[in-house]
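Engineer: Below: sequence and its predicted model.
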Amino acid sequence: MTQAARGTALYATGAICFVMLSCQPALAAAAEPWPASPLKLVVTFPPGGSTDVTARLVADKLRADLGRPVIVDNRAGAGGNIGADFVAKAAPDGYTLLMATSSHVTNRTLYKSLPYDFVQDLTPVSRVAFIPNMLVVNPSNLRVNTLAEFIKAVKDTGNKSRLNYGTGGNGTSHHLAAALFSSMAGVEMEHVPYKGGAPAAAALLGGQVQVLFAPLVEVQGFVEAGKLKGLGVTTRNRSPLYPQVPAIGEVLPGYEVALWNGIMLPAGTPADIVAKLNGAVVKALAQADIKQRLAEQGSDAAPNSAAEFRQFIAGELGKWAKLVQISGAKVD
């Protein structure tokens, strides 16, 4: 080999070694197990609501278990569709999570078109909790003590003018729960939509409407203060917080409107990441302190496997579509 050829060979060998050495950090980073950086948990409603509070409880537990920060990112708007669309279009690498709710299932029927597909574009990880609605009245303007008395009052009033029920807007859980109740009880009430649960509760307190089917966390303080009276909860069983308040299904057999939330990831996320995150969520929700915190806002921890959550969502699609049909709700 000539001296020039030997020099060329040495140069090529040196270049290869340099490239290999320079690639080592990138290869090491690629091989680093998930999670290697902070996670983002997208909440599709404003801060302070039950979904946001639950998400922050879960995020704190995931941080402790996974060893990485879990940042709650509130992306509210369009009934939860803005945040869900953001996650659906995120990279399927396990770093962008969605706090999904029953509203997202409802939206598949409620909205004429959506920029994402809740079933095809997202991967279930685990359900988190069930949340009851409570049928509440203002005892100062509607003097009833039981569901039977309330149904009678609605029927009696219907002969003159309908009672008004407030909601947080068309297609919300307030609306769908009330519509199902009216259908099953054979009564008619006038729907008065507001821009959110808080204004609807304020209207009930002010006497502008006579009844409200609200997530328990939204009216709990008013019930405890005696300003509102709870007549029934929309879940199958009574709430441990209010064991004296019956489930509506005890009076109207078959009635049930159970709100829920759960963790989802973009479709295509590797199965090992889904499994690891599921394990962390299930572990978090098994801890006594988070169960207690959820119970304080009327929620029940309800984790399950990714496969079970997928099957659960499939069953929810038809149920909520039927409720939207009964309510006649439309969103343009």
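Structural biologist: Thanks, I have it. Numbers count the residues shown, from 1 in each chain.
Engineer: now the closest residue in space to Thr157 that isn't next to it in sequence: how far from Ile290?
Structural biologist: Spatial nearest neighbour of Thr157, excluding adjacent residues (CB to CB, 6 or more residues apart in numbering): Leu163 at 5.2 Å. Yep, even glycine has a C-beta here, placed from its N, CA and C like the rest. The gap separating Leu163 from Ile290 is 39 Å, by CB to CB, to the nearest Å.
Engineer: the helices in the stretch 151-300 of the chain, which residues?
Structural biologist: Assigned by DSSP state H, counting those that start in this stretch, the helices in the stretch 151-300 of the chain fall at 173-185, 197-206, 216-224, 271-285, 288-296.
Engineer: Of all those, which one comes closest to Lys330?
Structural biologist: Relative to Lys330, the nearest member of the helices of the stretch 151-300 of the chain by CB to CB is helix 173-185, separated by 11.1 Å.
Engineer: which helices and strands does the closest one pack with?
Structural biologist: helix 102-110, strand 122-137, strand 163-167, strand 189-193, strand 211-215, helix 306-327 (3 or more CB pairs under 8 Å, 6 or more residues apart in numbering; DSSP states H and E).
Engineer: Dump those into TSV; add distance to Ala275 and mean pLDDT as well.
Structural biologist: Shown next, in TSV, are the helices and strands packed on helix 173-185 (distance: least, CB to CB, whole Å; pLDDT from 0 to 100):
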stretch	distance to Ala275	mean pLDDT
helix 102-110	23	93
strand 122-137	9	96
strand 163-167	39	93
strand 189-193	42	93
strand 211-215	31	94
helix 306-327	7	94
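Engineer: deepest of those, which one?
Structural biologist: Across the helices and strands packed on helix 173-185, averaging neighbours per residue (mean count of other CB atoms under 10 Å) puts strand 211-215 on top, at a mean of 28.
Engineer: Hey, what's the angle from it to helix 197-206? Just curious.
Structural biologist: Counting by axes from the mean of the first three to the mean of the last three CA atoms, to 10 degrees, strand 211-215 lies at 150 degrees to helix 197-206.
Engineer: remind me which residues of the stretch 201-332 of the chain are low pLDDT?
Structural biologist: Where the stretch 201-332 of the chain drops to pLDDT under 70, the residues are 332.
Engineer: thinking again about what came up before, go through the helices and strands packed on helix 173-185 and name the closest to Phe86.
Structural biologist: Of these, nearest to Phe86 by CB to CB is strand 122-137, at 11.3 Å.
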